[in-house]
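>>> with the input below, show me the fold.
(chains A and B)
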Amino acid sequence: MNKITCTVNGKTLKATCEGSESLRSLLVRSGYESVRDSDDREGFAGSDTILFNDMPVYANLMLALQADGAEIRTAEGLGDSRNLSIVQQAMIDAGVVQSAYNAPAAALLLTWLLEKESHPTKEQIDTVLSGIFIRDTGYEHYYLAVQLAIEKKETGSYKTAISPTFRDHLSYVGKPKSKVDGPQLVSGEKSFVEDRVLPGYYSMVVLRSPYAHAYIKKIDTKAALAMDGVISIITHENCPDVFYMQAGQGNPEPSPHDRRLLNKKVRHVGDRVAAIVAETEEQAIAARDAIKVEYEVLKPIFTVEEAMEEGAPLVHNGIVEYRAGAPADLDEYNKSADPRDGKVIYQFPLHGDIRRNVASAAHGQIGDVEKGFKEADAVVERTYQTSQIQCTPLEPHLCYAKIDNGRLVVHASTQVPWHVRRIVAWVCQIPENKIHVIKEKVGGGYGSKQDILVEDLVSYATWITGKPIYYRNTRQEEFIANSTRHPMRVTVKMGAKKDGTLTGVYMDVRANTGPYGNHCLTVPMNACSKTLPLLKCDNMKFDVITYYTNILPTGAYQGYGAPKGTYGLMTCMAELADKLGIDYYEMAMKNKVEPGYMLEILKGLGEGREGTVVPVGSCGLDEALKQGAKMIEWGKKVKSSDPDWKIGKGFAMIQQGSGLPGLDHANAWAKLLTDGTFQIFSGGADLGTGLDTISVKMISEAFCVPMDLVSIVSGDTDSCTFDTGAYASSGTFFSGNASYLAAEDLKKNLLTEAAKQMDENFEDLICRAPGEVYSTKTGKTLGYGKLSHDALTGTGSGQVMGRASFTTNHNSIPYGAHFAQVAVNVRTGQVKVQKFYALQDAGTPINPELALCQMYGAALKSIGHTLYESMIIDEKGECINANLTDYGVPMISEKPDDFKAVLIDIDDEAGPYGAKSISEIATNGAAPAIAIAIHDACGIWMRSWPFSAEKILQELGKI
Amino acid sequence: MIQEFLIANDSEDALKLRRNNPKSVFYAGGTEINRLNSTVMAKTAISLSKLHLNNITDEGNSIRIGSMVTFQQLVESPLVPQYLKDAALYCGSFPRRNMATLGGNLALCGDHSYLAPVLLASRARLLTANLTEGGAYSEDNIPIREYHAYHSQFSGTLLLGVSLSKDQRFVGSSRFANTLESQAGVTVGFGATKNNEGVIDHVRVYVAVKGSGVQRLSDVENAIENGELTSRQDVQLAVGHAIEAKDDFTGSSSYKRYIASEGIAQLFAEFVAGGAK
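Presented below is the predicted three-dimensional model:
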């Protein structure tokens, strides 16, 4: 052990440390918890950034002993949540503090920069942020944050508008107001699951399969169990015989229950073989190494084509059961089942056929598509392939569970606390009242935290051992044992008249769900359901088939199947326009839907049931297309001065949904506190995107009170009411509507109580600033505080509360168009996105600054999917680029030179104050827009993600 | 993984500590030693922080760059030639540039090295320190090509710095990676001189290929010097044939061969068009 002395944030730190200890570890155990770790010492993501002798460095790449005599600064030294620095506040106000795992590190870097340069250039900002990975908000509003900080410092106030504002008659909705949890997050205070872990916890690690497809013949845990500190080892032999699935979806789920906690058959490299609980992580790892496993290795399959082959190895060949709608020949079907494969239990028919590796299927049509093709002057049929993409949240999947008062308490980083509770209850075979799920701040989700990937195992281990257990995925496990985007093969056949009028559209989607069927129906269905309704065409048909294989697991990812379907559909339309010799923009304008157009295609696009046909409602598509075309100067050819670089333009129409009408359900309740302040309890799970802020705004708007007089509790299964969760773009529309209605209910009850206390008519009373009831008839007023106090005296009528439940069949579809200008180097295959304009209609953007940042984040993410990102597996099914560096996420260097997000102002009739969803849709446009721009630049069609330099060169015939 | 951290007081002390601790490594920035999946298998780190090797000095006909000089110092120093600044910027992360050192990158000489191809192409000389078998301290000045060619024999050698000649010479490099932060599939370095009569001399062609190491293409160098390769196309073809490459996550072997040949050919064309720079 060595002794060192250093200064941290101006205070002397004397510490004793091992030679091997990292500087980050020393700082964290010394209380500087803002120095986080999101890459396991990869030196990539920058969560561990500190200032070391006044230079930004990564604490994880330094040894603690190097700090002897050093001066260190961490984010804790900038300011706390009650006393924020100018930079921290500016970051919140600019909207960049969302999932915020890296927000403290970014605040530290920007503070350092502004200490060196009072007016830094964009390039200098790029430089200091070059080593920090921001997935949620992109980087664009960081420039704004710097500008705001400079203005505040120099003049005491902001001069630059933070964002456009909407709905002048409203005070909070449609205005940039500081995100309610921003101070806690940006200052690096305890927020996340890892911050809730108490001393004395036990560690869990997981033994994972080295094979993509194998039976476990024998597993010997005796020696491991006898090792020091080992508490429990769970394997397929002693885990509950409960089949379930990990996708957090509405119950009954449109995904098969095709797994147990641990299975006798492993179906991907990294599949669970055993879970080991021990007093320390080191002991758990040592025990893991002592477990002996014998496998019967089977031939794996990795592609849809391999899965489709006659006689292909079967990924699932167990007993098939149906909770409802079993076919008559099920017994016959099950005769060939192998009991070692377990079961596949369908909640209702998904048209799966596991004996042919089919997990689910769906088909539908309107009109007569063959007739449509016959009527066409030109028909094209093209196949587009998308790759497997990792969500890469900065905070990995983790869970901390403990027993308290006989109940299981689960601290989760989740988008679906109620689904967590339900699935944990199933797995542990205990009633839901025995479980308390606490959704902590989510340090990045993007869909992958819609799936219950670690909570199931940790909760079960805690329940059977009675010990507090903490588990955290390594970054490698994030890649190999996590939800990812389903790879898909999307074939589009499209016919049109000479003038571009579409006569027929057919989509054939073949999706690869990998080892388990998480979202195996809904994600591929979205490739059609979130794309075909963009088009006015009487003849449309789709076939969707999802196959089991032995690739790494798939699941939910922001956008579901829409980015892939949009890529196929829009690129094919551009190919057809090219064949017809007409302008693609004109063709899009001719065939796009308009308000009032009846969306007959929706009938066949329900998620496991018949969909509801509705007309197009609020729709900003036309405006997005016109404004985008003007911004990018559509039709004007740009020429590079360097002959090796060719420049082209492209765009795509996009849509998504606002939750799942008829399926999603949100609840909220609110109460007036005794001093006249408010508290709202939302079932919604804010994953950093500002849903809590929306709920607070609902109260502030209804009662004309400042937001700091409203507090929020959300995503807590004990104190809040049920909500299906934050997925499928449901947060603002469903949970927001529940909060809106709860506020209105509270208002009704408050005014009823006020009428009684004031001896006035209910109809004459209004709520007004600064927090009182006012009689428009008599001019009398009653402050909320007095009202509440009097309601709670011995003679009052009790606490004033409001509650609401929101469901709807209304489709509030957000629309938009994304435009890109790219430069392609025809010698090297390099692609640079020069311009990217995202124009979207979000109805009334309740938090416009957060909405813009989510558009930037999602667009940059999808630029990454389009150009760089792909999980690569070798012939054995092992991921060979299972880290952030090799996988290739875009950073600030990959950001478009000219990047703009534009909110199209459209009011929606069903959203809370007219709001629709915002962020998922923003992942849909980049791939087709860039593919079309590349064609415009150099004449090649890119039909496979990612559009790597190598693929570009292949298409150009260079290699 | 490092278990012990020793701080050397001077160069001789560093060499002695290295000799007395068989599983030791010289510790400069630490970015490669401490990072996940590091290939460095040492137990003892010998810190060079007190050796005053973090300066860049003008030595008249040459520039001397200490081995502890960080990438960011290279970027910011007015003394450092542009080709080396460009290569330092291949490391896209500012915090990592503040940590990673010239000496550390060169000592590893990895297959995705940021600096090795361009320094080799520049004909830099290395300032080294050693202990003789008897324990006597000595310093040397060696051509960098020697260090590269016999790299494994220099495992106990302490790199003190790099000396860059100010002589007129074209030196350039290109790096081909998925994103700026990704490991490069290929990094190329090309250097050459041309006298007043247009005679091309001292050609250096180095290519770092992921999975296949840093390669010197001597045949290509000779063919250019001998006037056998005169056009961009000639060079491209020759380089493509000369390179060893394997398929991996950074690209197929055919892509790597192509892009390396394209990179070298482009630099050659720039050299022919502009001569020395």
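>>> centroid-nearest residue for chain A?
residue A:446 (1.5 Å; CA atoms, centre = their mean).
>>> can you list the domains in the chain?
Since you didn't name a chain, this refers to chain A. Residue ranges for each domain of chain A read A:2-77, A:195-298+A:392-480, A:570-660+A:810-955, A:666-806, as given by automatic domain parsing.
>>> sorry, I should have been clearer: chain B.
Split by automatic domain parsing, chain B gives B:4-47, B:56-165, B:170-274.
>>> quick check: end-to-end length of the last one?
So that's domain B:170-274. The straight-line separation of the ends of domain B:170-274 (CA to CA, to the nearest Å) is 9 Å.
>>> how about that domain, does it get close to chain A?
Yes - for domain B:170-274, a contact with chain A is found by CB under 8 Å from any CB of the partner chain, at B:176, B:178-183, B:248-252, B:254-255, B:258-259, B:262-263, B:266. Yep, even glycine has a C-beta here, placed from its N, CA and C like the rest.
>>> out of those, list just those in helices.
Per DSSP state H, helices hold the following members of those: B:254, B:255, B:258, B:259, B:262, B:263, B:266.
>>> could the residues you listed be laid out in a markdown table, adding neighbour count?
Converted to a markdown table, these look like this (neighbours: other CB atoms under 10 Å in any protein chain shown):
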| residue | neighbour count |
| --- | --- |
| B:254 | 16 |
| B:255 | 24 |
| B:258 | 28 |
| B:259 | 31 |
| B:262 | 26 |
| B:263 | 26 |
| B:266 | 20 |
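>>> most widely separated two among those?
Put simply, by CB to CB the two of these set farthest apart are B:254 and B:266, 18.4 Å from each other.
>>> contacts only, for residue 179.
No chain specified, so I'll use chain A. A:92, A:95, A:97, A:98, A:690, A:693, A:847, A:850 (CB atoms under 8 Å, 6 or more residues apart in numbering or on different chains).
>>> hm, I was asking about chain B
With contact taken as CB under 8 Å, 6+ apart, residue B:179 is in contact with A:868, A:888, A:889, A:890, A:891, A:893, A:894, B:92.
>>> cool, and residue B:42?
Taking CB under 8 Å, 6+ apart as the definition, contacts of residue B:42 comprise B:2, B:23, B:24, B:25, B:33.
>>> most neighbours, which of these?
Across the contacts of residue B:42, neighbour numbers were computed from other CB atoms under 10 Å in any protein chain shown; residue B:2 holds the maximum, 24 neighbours.
>>> pLDDT at that one, what is it?
We have a pLDDT of 91 for residue B:2.
>>> assign the closest residue in space to it that isn't next to it in sequence to helix, strand or coil.
Excluding the flanking residues, the one nearest residue B:2 by CB to CB, 6 or more residues apart in numbering or on different chains is residue B:45, at 4.7 Å. For residue B:45, the secondary-structure state derived from DSSP: H, G, I helix; E, B strand; the rest coil is strand.
>>> what bridges to residue B:45?
residue B:5, residue B:25 (DSSP bridges).
>>> next, the contact list for it, please.
With CB under 8 Å, 6+ apart as the criterion, the residues that contact residue B:45 are A:19, A:63, B:2, B:4, B:5, B:6, B:24, B:25, B:27, B:30, B:33.
>>> in this structure the first one contacts residue B:7, no?
What that stands for is residue A:19. No - here residue A:19 lies out of contact with residue B:7, judged by CB atoms under 8 Å, at a distance of 11.6 Å.
>>> near chain B, which residues of the stretch 51-200 of chain A show up?
If contacts are counted using CB under 8 Å from any CB, the residues of the stretch 51-200 of chain A sitting beside chain B are A:55-58, A:60-63, A:65-66, A:127-131.
>>> let me see the contact set for residue A:772.
With the criterion set at CB under 8 Å, 6+ apart, residue A:772 makes contact with A:781, A:782, A:783, A:784.
>>> any idea how far it lies from chain B?
Noted for residue A:772: a distance of 53 Å to chain B, by CB to the nearest CB, to the nearest Å.
>>> that residue pairs with what?
Per DSSP bridges, the residues bridged to residue A:772 are residue A:768, residue A:783.
>>> residue closest to the middle of chain B?
Going by CA atoms, centre = their mean for chain B, the residue that ends up nearest the centre is residue B:116, at 1.7 Å.
>>> give me phi/psi at that residue?
Its backbone dihedrals place residue B:116 at phi -60, psi -50, with angles given as degrees, to the nearest 10.
>>> related to what we said a few turns ago, got a markdown table for the ones in helices among the residues of domain B:170-274 next to chain A, with pLDDT and distance to residue A:210 too?
Below are those laid out as a markdown table (pLDDT from 0 to 100; distance: CB to CB, whole Å):
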| residue | pLDDT | distance to residue A:210 |
| --- | --- | --- |
| B:254 | 97 | 30 |
| B:255 | 98 | 29 |
| B:258 | 98 | 35 |
| B:259 | 98 | 33 |
| B:262 | 98 | 39 |
| B:263 | 98 | 38 |
| B:266 | 97 | 43 |
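>>> quick one: residue A:246 and residue A:455 touch, right?
No - the pair residue A:246 / residue A:455 is not scored as a contact, 9.1 Å apart, by CB under 8 Å.
>>> what about chain B, any weak spots by pLDDT?
Under the criterion pLDDT under 70, the flagged ranges of chain B are B:275-277.
>>> what residue in it comes nearest to chain A?
As assessed by CB to the nearest CB, chain A sits closest to residue B:93 within chain B, at 3.2 Å.
>>> which residues does that residue contact?
Residue B:93 makes contacts with A:43, A:44, A:46, A:130, A:131, B:181, as judged by CB under 8 Å, 6+ apart.
>>> kindly recompute the last result at 6 Å.
Contact analysis of residue B:93 by CB atoms under 6 Å, 6 or more residues apart in numbering or on different chains lists A:130, A:131.
>>> over to the one 10 residues further on?
For residue B:103, the contacting residues are B:28, B:67, B:159, by CB under 6 Å, 6+ apart.
>>> which of residue A:246 and residue A:455 has more neighbours?
More neighbours sit around residue A:455 than around the other of residue A:246 and residue A:455, counting by other CB under 10 Å; the figures are 32 against 23.
>>> and that one, how far from residue A:393?
According to CB to CB, to the nearest Å, residue A:455 stands 15 Å off from residue A:393.
>>> show residues contacting stretch A:553-562.
Outside stretch A:553-562, the residues touching it (CB under 6 Å, 6+ apart) are A:391, A:446-447, A:450-451, A:483-486, A:513-515, A:518-519, A:523-524, A:526-527, A:530, A:656, A:920, A:923-924.
>>> tell me the secondary structure at the residue nearest to the centre of chain A.
coil.
>>> sorry, back to before: max pairwise distance over the contacts of residue B:42: which two?
Of all pairs drawn from the contacts of residue B:42, the one with the longest distance (CB to CB) is B:23 and B:33, at 12.6 Å.
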